[in-house]
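>>> Can you look at this prediction? I've put the sequence above it.
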Amino acid sequence: DGGITQSPKYLFRKEGQNVTLSCEQNLNHDAMYWYRQDPGQGLRLIYYSQIVNDFQKGDIAEGYSVSREKKESFPLTVTSAQKNPTAFYLCASSIEGTFSYNEQFFGPGTRLTVL
Amino acid sequence: GEDVEQSLFLSVREGDSSVINCTYTDSSSTYLYWYKQEPGAGLQLLTYIFSNMDMKQDQRLTVLLNKKDKHLSLRIADTQTGDSAIYFCAERSTASKLTFGTGTRLQVTL
């Protein structure tokens, strides 16, 4: 079955610790995305990557870092510099290109709680 | 920058129609989307519309696009309890990036 997976589903960390969220897809998609979801604020784009070894900052990149060493994987690190990291994090992927409706497929999400 | 707005909450009775509204600011949007999010889960694409269309119908779903007013709506006919979820409007103005609205929580009552 093709899809996009995120692990773990729930993550607890102490304040001041870095934490890495996993995102893997086997859809052969070029583009991958990380969003943060907070109640009443919708989805905000953190980082995205259109191709391996390249990525761009989204609207709220401060305090986060990413890597894209493999097409299938796009891990997100929440660093201690992120002032309010407790949130629901969603990863997505899509085919690339302008001549398509380019559906973004979403993973099930990781709920991060910083204590 | 792009901005997409939705009302936060809508309550309807089972069997009635639901209408969820969305406004956006970017006139260069090429595609507009409606996504559904069940509690504690990721988003699933419900439907989309290309910017040169006014309407799209797909079973119980009807999407209306008023490009002049930058207004998008999603009508769900014969709303069921299983339709209770958060509905996100999104627009695409560049090849890769989507801008999402705040989401509308639809509550279906018996």
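Great, that's in hand. Residues are numbered from 1 along each chain as shown, chains lettered A, B, ... in the order given.
>>> could you say what helices and strands the one helix or strand in chain B whose mean pLDDT sits lowest packs with?
Between all helices and strands in chain B, the lowest mean by mean pLDDT, DSSP states H and E belongs to strand B:98-100, at a mean of 90. Applying 3 or more Cβ pairs under 8 Å, 6 or more residues apart in numbering or on different chains; DSSP states H and E, one finds that strand B:98-100 contacts strand A:42-51, strand B:85-92. Using the backbone N, CA and C atoms, a C-beta is placed for each residue, glycine as well.
>>> Okay, now the sheet partners of whichever helix or strand comes after it, with direction.
Next in sequence after strand B:98-100, counting helices and strands by DSSP states H and E, comes strand B:104-109. When pairing is defined by DSSP bridges, strand B:104-109 lines up against strand B:9-13 (parallel), strand B:85-92 (antiparallel).
>>> want to try CSV for those strands, with distance to B:T102 as columns?
Formatted as CSV, the entries for the strands paired with strand B:104-109 read as follows, by distance: least, Cβ to Cβ, whole Å:
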stretch, distance to B:T102
strand B:9-13, 11
strand B:85-92, 8
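>>> Determine which stretch of those is the most buried.
Per residue and on average, the most neighbours among those fall to strand B:85-92, with a mean of 24 (mean count of other Cβ atoms under 10 Å in any protein chain shown).
>>> Name the residues that touch that one?
Contacts made with strand B:85-92 from outside it, assessed by Cβ atoms under 8 Å, 6 or more residues apart in numbering or on different chains, are listed as A:42-43, A:102, B:2, B:4, B:6, B:20, B:22, B:24, B:26, B:29-39, B:43, B:46, B:72, B:74, B:98-101, B:103-106.
>>> Stretch A:25-39 too?
Counting by Cβ under 8 Å, 6+ apart, the neighbours of stretch A:25-39 from elsewhere in the structure are A:2-5, A:21, A:23, A:43-51, A:58, A:60, A:64, A:66, A:68, A:71-72, A:74, A:76, A:87-96, A:104-105, A:107, A:109, B:96, B:100.
>>> Show the buried residues in those.
A:4, A:21, A:23, A:43-50, A:58, A:64, A:66, A:68, A:71-72, A:74, A:76, A:87-94, A:104-105, A:107, A:109, B:96, B:100 (16 or more other Cβ atoms under 10 Å in any protein chain shown).
>>> Filter these down to just the ones in helices.
Cross-referencing those with the helices (criterion: DSSP state H) gives no overlap at all.
>>> Narrow the residues you listed to those in strands?
Counting by DSSP state E, the part of the buried ones among the contacts of stretch A:25-39 found in strands is A:4, A:21, A:23, A:43-50, A:64, A:66, A:76, A:87-94, A:105, B:100.
>>> Enumerate the beta-bridge partners assigned to the closest residue to chain B within chain A.
For chain A, the residue positioned closest to chain B under Cβ to the nearest Cβ is A:F106, at a distance of 3.4 Å. Under DSSP bridges, the beta-bridge partners of A:F106 are A:A92.
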